[in-house]
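Chemist: I'll drop the sequence and a predicted model, then ask my questions.
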Amino acid sequence: MSRGRKPIPDELKILRGTDQPCRMSGKTNVVDKITDIKQITSCSKLKMLPTKRAKDIFKQKANQLIALNVLTELDLEQLAVYANSLDLVFDCLEGMREPAIPKYDKEGNLTGYVAPPELALYRQMVEIVNKIGSDFGFSPISRQRINTGPMEKEETIEDLLG
């Protein structure tokens, strides 16, 4: 049985602007942050990626997360899965460029088209890429959630009138 939602780290709460004292855990994150891409270029996760494109995606996204100072060693597996899935999405897109195969009945009449076999894999990989990408802040909505600063004081009608 699960324990519910995982707690959000205090650093992320600070980035989102929701760092109210009642919401802070008071615990410090003991996982060291990765500060340079050279710390992970020789890791086994990068060597497991099958293609050069997947490795390039991994390095590019790792550099973006390092610049935001949010990448830790615990994130490397998820980032490797993201890079591999995105590489498979691009492979599926290349395979789907071929025209659809027409399907005929016994009399030779066109009844429809056969979907490319890459389509099912493409849908699965897009779902994985979107989920992991939103966790890392790669989608516009999740990035907006992280980048929003603390709210300014709202102006009342009395302030505006005088």
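Modeler: Good, I have the coordinates. If you're wondering where the values come from, they're calculated on a predicted model, not measured in any experiment. Numbering: from 1, shown residues only.
Chemist: count the neighbours of the residue lying closest to residue 68 once chain neighbours are set aside for me.
Modeler: Spatial nearest neighbour of residue 68, chain neighbours left out: residue 137 (7.5 Å); criterion: Cβ to Cβ, 6 or more residues apart in numbering. Using the backbone N, CA and C atoms, a C-beta is placed for each residue, glycine as well. Residue 137 is flanked by 20 other residues according to other Cβ atoms under 10 Å.
Chemist: now do the phi/psi pair for residue 137.
Modeler: With angles defined as degrees, to the nearest 10, residue 137 sits at phi 90, psi 30.
Chemist: ok, residue 61 - contacts?
Modeler: Taking Cβ atoms under 8 Å, 6 or more residues apart in numbering, we find residue 61 in contact with 79, 82, 83, 136, 138.
Chemist: one more pass at 7 Å, please.
Modeler: Contacts for residue 61 (Cβ atoms under 7 Å, 6 or more residues apart in numbering) come out as 79, 82, 83.
Chemist: was I right about the last one contacting residue 57?
Modeler: Right, residue 83. Yes. In terms of Cβ atoms under 7 Å, residue 83 counts as a neighbour of residue 57; the distance is 4.2 Å.
Chemist: ok, those two, which is more surrounded?
Modeler: residue 83 (26 against 21).
Chemist: pLDDT score assigned to residue 65?
Modeler: Looking at residue 65, its pLDDT is 89.
Chemist: err, residue 45, not the other one
Modeler: Reading off the model, residue 45 has pLDDT 66.
Chemist: what's the burial count for residue 129?
Modeler: When neighbours are counted by other Cβ under 10 Å, residue 129 registers 21.
Chemist: which strand or helix spans it?
Modeler: helix 118-136 (DSSP states H and E).
Chemist: residue 107 - that's part of a strand, no?
Modeler: No. Assigned with DSSP: H, G, I helix; E, B strand; the rest coil, residue 107 falls outside any strand and is coil.
Chemist: let's verify residue 99: helix, strand, or coil?
Modeler: coil.
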